[in-house]
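Chemist: below is the sequence, then the predicted model.
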Amino acid sequence: MIARLRLQPADVGMGLTGQRVRDRLIDDLRKGGITDERVLNAIRTVPRHQFVDEALASRAYENNALPIGHGQTISQPYVVAKMTEALLAASPKKVLEVGTGSGYQAAVLAALGLEVFTVERIGDLLRTARKRFRSLGLHVRSKHDDGRIGWPEEAPFDAIIVTAAGSALVDALVAQLAPGGVLVAPVGAAGGQSLLCLRKDADGGVAQEDLGAVVFVPLLSGLTDR
């Protein structure tokens, strides 16, 4: 069941941001192997064109990553769907996202009725994302901080999603994952990244699965206000 969003006429869109184009994207995701109808409905419903610059709105429902400034991107819809589908396998309630970016991935998670916590190191991006959350009536808790630290005060999390690639899984994030939880993160250098899904068992042991090749911006430390 998708959470009720506070949609304005501009969110519903028309032409290249309208329902027909969104439905075409959903067909592409299905052909790519996305089968969870909850995920497909969330991506159909959340207005991706409101999470990119107005000049790129006509491309919002292409199955491509798009720039959002500051050297960052809004992820390809297929990758958002794949990561979200992997998280839902753990039936999570409380989710941590590392790398808010445009806010789109967090909005998809919140639209699925999850309790979402998100951390972003770039102040400008976080401020804009917060405005988008408020506009859509989504309750997302956010923090301007180094995502590699996670959000230890709110741990443990049933699921953790990392939207930038580190050279390895971050130990601090694995430690904040609840027993039975799932962490999904891209790992590797540019040109050689893999999307990894880590599952923590009830005893704290972990098992890892490679979900395929991906391309993400690097996971960086430190904060910037702009």
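Modeler: Sure, I can see it.
Chemist: quick one: least confident helix or strand in this structure?
Modeler: helix 9-12 (a mean of 88; mean pLDDT, DSSP states H and E).
Chemist: give me the contacts around the next helix or strand after that helix.
Modeler: The helix or strand immediately downstream of helix 9-12 is helix 19-31, counting by DSSP states H and E. By CB atoms under 8 Å, 6 or more residues apart in numbering, the surrounding residues in contact with helix 19-31 are 12-13, 15, 40, 43-44, 61-63, 77-78, 81. Where C-beta positions appear, they are placed from N, C-alpha and C, glycine not excepted.
Chemist: list the contacts of the least confident helix or strand of the chain.
Modeler: By CB under 8 Å, 6+ apart, helix 9-12 touches 5, 18-19, 47, 50, 135-136.
Chemist: hmm, try it at 10 Å
Modeler: 5, 17-19, 22, 45-47, 49-50, 57, 135-136 (CB atoms under 10 Å, 6 or more residues apart in numbering).
Chemist: ChimeraX command to pick out the buried ones of the residues you listed?
Modeler: Burial among the contacts of helix 9-12 is assessed by 16 or more other CB atoms under 10 Å; the matching ChimeraX selection reads:
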select :5,17,22,45,46,47,49,50,57,135,136
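Chemist: tabulate the contacts of helix 9-12 (a markdown table), appending pLDDT.
Modeler: Formatted as a markdown table, the contacts of helix 9-12 follow (pLDDT from 0 to 100):
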| residue | pLDDT |
| --- | --- |
| L5 | 90 |
| T17 | 92 |
| G18 | 92 |
| Q19 | 91 |
| R22 | 96 |
| T45 | 95 |
| V46 | 97 |
| P47 | 97 |
| H49 | 96 |
| Q50 | 97 |
| A57 | 96 |
| S135 | 96 |
| L136 | 96 |
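Chemist: okay if I get the contacts of helix 9-12 as CSV plus distance to G188?
Modeler: Shown next, in CSV, are the contacts of helix 9-12 (distance: CB to CB, whole Å):
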residue, distance to G188
L5, 35
T17, 34
G18, 37
Q19, 37
R22, 31
T45, 32
V46, 28
P47, 32
H49, 30
Q50, 31
A57, 32
S135, 35
L136, 33
